[in-house]
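> structure for the following, please:
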Amino acid sequence: MEEKTTLFGYVYGDLSGQIADGTMRHGDVLPSMNDLCKRYGVGIRTVRDVLAALRADGYIATEERKRAVVTYRASEADERGIRSLLARKDGILDCYRTFELVMPPLFAFAARFCDEDDFRAFERAAAQVGDAPDKGDWRLRRSSTLLHRLLGKTGNPLLSECYASIERACTVPTFPGFSAPYARAMEDMDGTFAWAVESLSLGDDREVQRRFGRMYRDTATYVEAYLDELAEAYPGARSSEPAFKWSARAGRERVFAQVARDLVLRIYNGEFADGDDLPSIAELADAYGVSPSTVQKTMGILNMIGVARTVNGCGTRVNLSDISFDRRALADGSFRRDIEAFVDALQMLCVVVPAAVGTVEGRMEAVARDVEGLLACDEDEWAVPTALMRALVDNLPFPSFQVVMNELGQLMLWGRFFAFFGPTGASTREQRSLGLEGLACVRAGDAQGLARAMGSYYRVLLEAVPAFFERAGASGLKRVVVP
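As a prediction, the model looks like this:
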């Protein structure tokens, strides 16, 4: 099994990295512990442990009832810091392009959750952004705080986490003797942020995307000019390091859920037929490299979702002829969180797929070749949507966008269950039809048609999730809004 992400290591590494590379400088104030919990999707104990380690390692100072302050003082004349930044130049600019493509449609989607009072509050806050101090972590600027509040309206934490991760990767430290790119951008683009925020209340998704997209494009030009200025002063630096990392699975992956999803996939693929006995707990523990107690939890999930039945003394048997979902399943917090992570990823995917397809409009022949190659290895009709998504992601021209799509894909592992076991007959037929429609569009080189087909496919799948639980009489799943 894939090694579980260590939450402590993930948060510590990200914060210490920002301090060491100058993104957060001496004297900057860290977000509050509650804000860090929300940003990283972790508990308060993890945050306390991380802050204690950062303090012990000399990165920060902490006082009771006050936010932590950066005490690490990198040499401002340190050439290594500038060359380290220049090594990420291409990656940083790639992140801005991804920012421009991914975030505006998510902002437009989030606006659907707002009322008039929200819009007025956002517009008042946007008008005050110019008064924000020109120092510190760019995430803490008022514009960033406002947009996090907007995304938070959706109830989907992935949106805000993705925004924060791309934003961190885009942030560049300012070195003495060089123009500060964000200060120049705010001065020259005075009023642009407020103009973009005003579009949220218009109910026009295209206008929201146009205004925020322009804002990110314009900001990127100032950052690029700053990096060019540094490169001219320090020639010979090679841009080779990726700037963007996002672990959407941090805090969401449970090993027993991974095993359960894999076994469901093996059942779906016919490795275990109806009535077959599954391997014993000891055999599965050995095969997956997990403990027997983890396998027992896995069997509990398979029993709850109805694809297997465990009989004391007789083991666990595949049960496809009489699937009966246990309506109490959502009362299991781990299972519910796993399903909600799947729903959150699927919802976000519905919003960003059109932008992703738009970037490969000139690469449709390559996409088609990759799709045909994948389907040659898997002729199952349900392989079509998977092949379309894999080929799309592999041909995205922006590595940062690929990271976003791959991370969402890693949370989509319940998709086969809901595609195969969950939908009604009509929903199943519609999903199959949309998959074949997308395939026809790829073969015809029709990018717009592909975007419509893929978007519709994932919306139908998203609609199938709450419908499945409703038919089963299960309650407890959060409200699902289909984009």
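> if I look at the closest residue to residue 321 other than its chain neighbours, how far off is residue 151?
In space, and not counting its chain neighbours, residue 321 is closest to residue 274: 5.3 Å by CB to CB, 6 or more residues apart in numbering. For every residue, glycine as well, the C-beta is placed using N, CA and C. Residue 274 sits 44 Å away from residue 151, taking CB to CB, to the nearest Å as the criterion.
> looking at these two, which is more packed in?
A count of neighbours by other CB atoms under 10 Å puts residue 151 above the other of residue 274 and residue 151, at 24 against 13.
> let me know the helix or strand that the more buried one is in.
Assignment of secondary structure by DSSP states H and E places residue 151 within helix 142-152.
> helices and strands around that helix, which ones?
The contact analysis (3 or more CB pairs under 8 Å, 6 or more residues apart in numbering; DSSP states H and E) places helix 142-152 against helix 89-111, helix 116-127, helix 157-170.
> what helices and strands are in contact with the second one?
Put plainly, it is helix 116-127. Counting contacts by 3+ CB pairs under 8 Å, 6+ apart, helix 116-127 is packed against helix 142-152, helix 192-198.
> mean pLDDT lowest for which of these?
Taking the average pLDDT of each of the helices and strands packed on helix 116-127, the minimum falls on helix 142-152, with a mean of 88.
> next, the angle helix 157-170 makes with it.
160 degrees (axes from the mean of the first three to the mean of the last three CA atoms, to 10 degrees).
> next one: the host helix or strand of residue 339 to chain centre, how far?
Under the criterion DSSP H and E, the helix or strand holding residue 339 is helix 333-358. Relative to the centre of its chain, helix 333-358 is centred 8 Å away, using CA atoms, centre = their mean, to the nearest Å.
> in it, what's buried?
Under the neighbour-count criterion of 16 or more other CB atoms under 10 Å, helix 333-358 has 335-336, 338-357 buried.
> what does stretch 374-383 give?
Residues 374-375, 382 are the ones in stretch 374-383 that count as buried (16+ other CB under 10 Å).
> for residue 245, give me the pLDDT.
Per-residue confidence (pLDDT) for residue 245: 80.
> if you could redo that for residue 220, that was the one I meant.
Looking at residue 220, its pLDDT stands at 94.
> burial count for it?
Here the number of neighbours of residue 220 (other CB under 10 Å) works out to 20.
> residues contacting it?
Residues touching residue 220, when contacts are defined by CB atoms under 8 Å, 6 or more residues apart in numbering, comprise 93, 96-97, 99-100.
> surely residue 388 and residue 442 touch.
Yes - because the distance of 6.7 Å satisfies CB atoms under 8 Å, residue 388 is recorded as touching residue 442.
> what's the overlap in contacts for these two?
Contact criterion CB under 8 Å, 6+ apart; residues bridging residue 388 and residue 442 by contacting each: 371, 450.
> how does the chain divide into domains?
With automatic domain parsing as the criterion, the domains of the chain are listed as 1-74, 78-250, 255-318, 336-471.
> which helix runs longest in the protein?
In terms of residue count, the longest helix belonging to the chain (DSSP state H) is helix 205-233.
> now distance to residue 308 too, for the helices and strands packed on helix 116-127, in a markdown table please.
As requested, those are arranged in a markdown table below (distance: least, CB to CB, whole Å):
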| stretch | distance to residue 308 |
| --- | --- |
| helix 142-152 | 38 |
| helix 192-198 | 51 |
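> for residue 210, find the nearest of the ones you listed.
Among the helices and strands packed on helix 116-127, the nearest to residue 210 by CB to CB is helix 192-198 (9.1 Å).
> in the closest one, what's buried?
192-194, 196-198.
> now swap in stretch 110-123 and tell me
Of the residues in stretch 110-123, those with enough neighbours to count as buried (16+ other CB under 10 Å) are 110-111, 114, 118-119, 122.
> do the same with stretch 185-194
So, applying 16+ other CB under 10 Å, buried residues of stretch 185-194: 185-186, 189, 192-194.
> same question for stretch 460-470.
460-462, 464-469.
> same thing with stretch 28-44?
Of the residues in stretch 28-44, those buried by neighbour count under the rule 16+ other CB under 10 Å are 28, 30-31, 33, 35-42.
> now do stretch 378-385: everything it contacts.
Stretch 378-385 is contacted by residues 269, 374-375, 386-387, 416, 419-420, 431-432, 434-436, 438-439, 454, 457 when judged by CB under 8 Å, 6+ apart.
> lowest-pLDDT helix or strand in this structure?
In the chain, no helix or strand scores lower on mean pLDDT, DSSP states H and E than helix 415-420, which sits at a mean of 66.
> following element in sequence after that one, please.
Moving toward the C-terminus from helix 415-420, the next helix or strand (DSSP H and E) is helix 425-444.
> ok, residues contacting that next one?
Residues from elsewhere that reach helix 425-444, judged by CB under 8 Å, 6+ apart: 364, 367-368, 371, 381-382, 384-385, 388, 391, 419, 423, 447, 449-450, 453-454, 456-457, 460-461, 463-464, 467.
> angle of that helix against helix 333-358?
30 degrees.
> quick one on the thing from earlier: in PyMOL, how would I select just the buried ones from the contacts of stretch 378-385?
Remark: buried members of these, expressed as a PyMOL selection using 16+ other CB under 10 Å:
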select buried, resi 374+375+386+387+416+419+420+431+432+434+435+438+439+454+457
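> quick check: which ranges of the stretch 251-400 of the chain have low pLDDT?
Counting by pLDDT under 70, the stretch 251-400 of the chain contains low-confidence ranges at 251-254, 323, 325-333, 381.
> test my guess that residue 90 contacts residue 239.
Yes - under the criterion of CB under 8 Å, residue 90 makes contact with residue 239 at 4.2 Å.
> show me where the stretch 251-400 of the chain has its strands.
Defined through DSSP state E, counting those that start in this stretch, the strands belonging to the stretch 251-400 of the chain, from first to last, are 308-311, 315-318.
> could you dump the last one to CSV, C-alpha only?
Going back to what we said before, that points to strand 315-318. Taking only C-alpha atoms (Å, rounded to 0.1, in the frame of the first residue of the first chain), the coordinates of strand 315-318 have been written out as CSV:
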residue,chain,number,x,y,z
GLY,A,315,-14.7,-15.8,6.5
THR,A,316,-15.9,-13.1,4.1
ARG,A,317,-17.8,-13.8,0.8
VAL,A,318,-18.5,-11.6,-2.2
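> just how off-centre is that strand within its chain?
Distance of strand 315-318 from its chain centroid, counting by CA atoms, centre = their mean, is 35 Å.
> list the buried residues for it?
Taking 16+ other CB under 10 Å as the basis for neighbour counts, the residues of strand 315-318 that come out buried are 316, 318.
> shift numbering so it begins at 58
That works, and once the first residue is 58, the last one we named lands at strand 372-375.
> what helices and strands are in contact with it?
For strand 372-375, the contact count by 3+ CB pairs under 8 Å, 6+ apart identifies helix 349-362, strand 365-368 as packing neighbours.
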